[in-house]
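Q: this one's sequence-less:
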Ligand code: FE2
């Protein structure tokens, strides 16, 4: 593991703005995030609001914002995207002070335009936005907003039903890229956004009997944006990153980690509602006292909820991973509570991978 410093040539960024998922059924996806994860539906855009070919729902919990979009016609780019990749992340939108200036700067530094700067007006608010391409079919919208939500072109929706579970904001977004491509994408984030390398792990640190991966984490220096990038490493069998690439059929977002102030409450609630989590082997908890370190936690409750713990030089962290969110073994969520640790649960990777591999074997892909 190595650690970097702060960027010397910063790109003005204010953090993650929202994540947009493309799916074949936005209504049902919105209900999934609302019923099982406590996100409130705060806006809608579709045929009833004058948009003929797509339906979108805007959701929020704390500062974590999602949009889910589906299309109504088979030849629409979203339909074709879903047919090829399955449901997944289309846009990791970033908050910037000035969308047009950010776009010009990004393109001047070599980014490929996804869509040109435009203004969104409606509902008394005004946003600027533009988009650039990143790995696979994924884009980064660059959004200068007045802090309003839902987006100006959505009709507000007053959700009286959603019950939040304590999710606060997006902590990190992880991408999977092809074999040999990790360094190219690290360089992309360094060159376009002035990000710096925070940590890297090689296959010796993240490997099991069957699978291995390499990972580098780039960040904006402030901690608001952290983006680990994984590539497969050769193991005895197919790595989980290869499995993702085979089923997503391109590089893309693997998981989104959302911060909670109280992971026991969050996980207790989502489990009660029926959200399925990745199972952790019982053997993981044999040396739990060591993993927990100085953290004052109820170890029996950790085991019951399948929560993982790790410590690094900054302190501790608690985390858990959901089951895959769709039929294909591609995208999932992480819930994370930080108690001083700045890492990503590296100490858990091996135990976690063994758990993932048992699931992978059950799918016949190991
Ligand atoms: Fe993570």
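A: The structure has been received and is ready for your questions. Keep in mind that what you see is a predicted model, and the values were worked out from it rather than measured.
Q: Next up, the contacts around residue 118.
A: 128-130 (Cβ atoms under 8 Å, 6 or more residues apart in numbering). Every residue, glycine included, has its C-beta placed from N, CA and C.
Q: helix/strand/coil for the nearest residue to residue 97 once chain neighbours are set aside?
A: In space, residue 97 comes closest to residue 12 once its chain neighbours are excluded; the distance is 5.2 Å by Cβ to Cβ, 6 or more residues apart in numbering. Secondary structure, DSSP: H, G, I helix; E, B strand; the rest coil: residue 12 is coil.
Q: Wait, residue 12 touches residue 99, no?
A: No. Using Cβ atoms under 8 Å, residue 12 is not in contact with residue 99; the gap is 10.8 Å.
Q: Just give me the longest helix of the chain.
A: Longest helix in the chain by number of residues (criterion: DSSP state H): helix 346-362.
Q: That helix and the ion, any residue contact?
A: No. Using Cβ under 5 Å from the ion, helix 346-362 stays clear of the ion, coming no nearer than 9.6 Å.
Q: ok now that helix, how far from the chain's centre?
A: Its chain's C-alpha centre and that of helix 346-362 lie 19 Å apart, by Cα atoms, centre = their mean, to the nearest Å.
Q: Can you name every helix or strand that that helix contacts?
A: Where contact means 3 or more Cβ pairs under 8 Å, 6 or more residues apart in numbering; DSSP states H and E, helix 346-362 is packed against strand 196-201, helix 240-248, strand 308-312.
Q: again, only using 7 Å
A: In terms of contacts (3 or more Cβ pairs under 7 Å, 6 or more residues apart in numbering; DSSP states H and E), helix 346-362 is packed against helix 240-248, strand 308-312.
Q: can I assume residue 36 sits in a strand?
A: No. Under three-state DSSP, residue 36 falls outside any strand and is assigned helix.
Q: Let me know whether it touches residue 275 as I believe.
A: Yes. Applying Cβ atoms under 7 Å, one finds residue 36 in contact with residue 275, separated by 4.2 Å.
Q: What does residue 365 show for phi and psi?
A: The phi and psi values for residue 365, taken as degrees, to the nearest 10, are phi -110, psi 20.
Q: Name the nearest residue to it, ignoring sequence neighbours.
A: That would be residue 243: by Cβ to Cβ, 6+ apart, it lies 5.2 Å from residue 365.
Q: What separation do you get for that neighbour and the ion?
A: Relative to the ion, residue 243 is positioned 17 Å away (Cβ to the ion, to the nearest Å).
Q: what's near enough to touch that residue?
A: 329, 360, 365 (Cβ atoms under 7 Å, 6 or more residues apart in numbering).
Q: ranges for the helices of this structure?
A: Using DSSP H, helices in the chain cover 26-37, 77-85, 99-108, 182-193, 240-248, 263-273, 288-292, 299-305, 346-362.
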